[in-house]
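Peer 1: Next one to model:
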Amino acid sequence: QTPAVTKMSEAKTDKNANPMRNIVIDKLVLNICIGGETDRLTRAAKVLKELTGQEPVYSRARFTVRTFNIRRNQKISCHVTVRGAEAERITQLGLRVKDYELKTGNFSKTGNFGFGITEHIDLGLKYDPNIGIYGMDFYVVLARPGFRVSRKKAKKGRVGNAHRISAEEAKQWATQKFNLAIL
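Peer 2: Residues are numbered from 1 along each chain as shown. Below you'll find the predicted structure:
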């Protein structure tokens, strides 16, 4: 074989050497859903602000649910989107609460994963009797370099199947990055 052919066959076998295949945390979404009580919702927003340093956004109910005393367009939850190194740090805190163990069901087909915690004070925040204790949902969105082509406005493109992140790749990445045990 010629050197060029050998080089191409080596490149095909070692996909992970390509820097465009590196997986990173695109964003982390922290969500606290309270329901109808607006007073508890503002206190939950304080918890998110204390944890992330960002101002949370309130989500509204899409329709009325009488059994939960929720009316349409009523504020029922608050969430924060965190990116970069801060997202990685907060994810690490959340996984420490879960003892670095996640179930297979926590991973989606698109390579993202999520989990919940029951008490925010486990993250290292001080307990304040005026605020109370809140649980929250963590949702981690993973990405590779080049995913922006599907979201940009001009000359929008598609991310090919070979470049998308599968659930297996996400599990493998999470076990390497955070030393997770997947049950």
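Peer 1: next structured bit after the helix ranked longest in the chain?
Peer 2: The residue-count maximum for a helix in the chain (DSSP state H) belongs to helix 38-52. Next helix or strand after helix 38-52 toward the C-terminus (DSSP states H and E): strand 57-60.
Peer 1: so what secondary structure elements neighbour the following helix or strand past that following strand?
Peer 2: Counting by DSSP H and E, the next helix or strand C-terminal to strand 57-60 is strand 75-82. Counting contacts by 3 or more C-beta pairs under 8 Å, 6 or more residues apart in numbering; DSSP states H and E, strand 75-82 packs against strand 24-33, helix 38-52, strand 57-60. Every residue, glycine included, has its C-beta placed from N, CA and C.
Peer 1: Adjacent strands (with direction) for strand 75-82?
Peer 2: The strands beside strand 75-82 in its sheet (DSSP bridges) come out as strand 24-33 (antiparallel), strand 57-60 (antiparallel).
Peer 1: out of those, deepest packed?
Peer 2: Of the strands paired with strand 75-82, the one with the most neighbours on average (mean count of other C-beta atoms under 10 Å) is strand 24-33, at a mean of 19.
Peer 1: got the contact list for that one?
Peer 2: Where contact means C-beta atoms under 8 Å, 6 or more residues apart in numbering, the residues beyond strand 24-33 that reach it are 44-45, 47-48, 51-52, 59, 76-83, 87-88, 90-91, 134-145, 147.
Peer 1: Run the chain-centre distance for the longest helix of the chain.
Peer 2: Taking the mean of its C-alpha atoms, helix 38-52 sits 19 Å from the chain's own mean (C-alpha atoms, centre = their mean, to the nearest Å).
Peer 1: so what's the residue lying closest to Lys75 once chain neighbours are set aside up against?
Peer 2: With sequence-adjacent residues excluded and distances taken as C-beta to C-beta, 6 or more residues apart in numbering, Lys75 is closest to Tyr58, at 4.5 Å. Contacts for Tyr58 were tallied using C-beta under 8 Å, 6+ apart; they are 41, 45, 75, 77-78.
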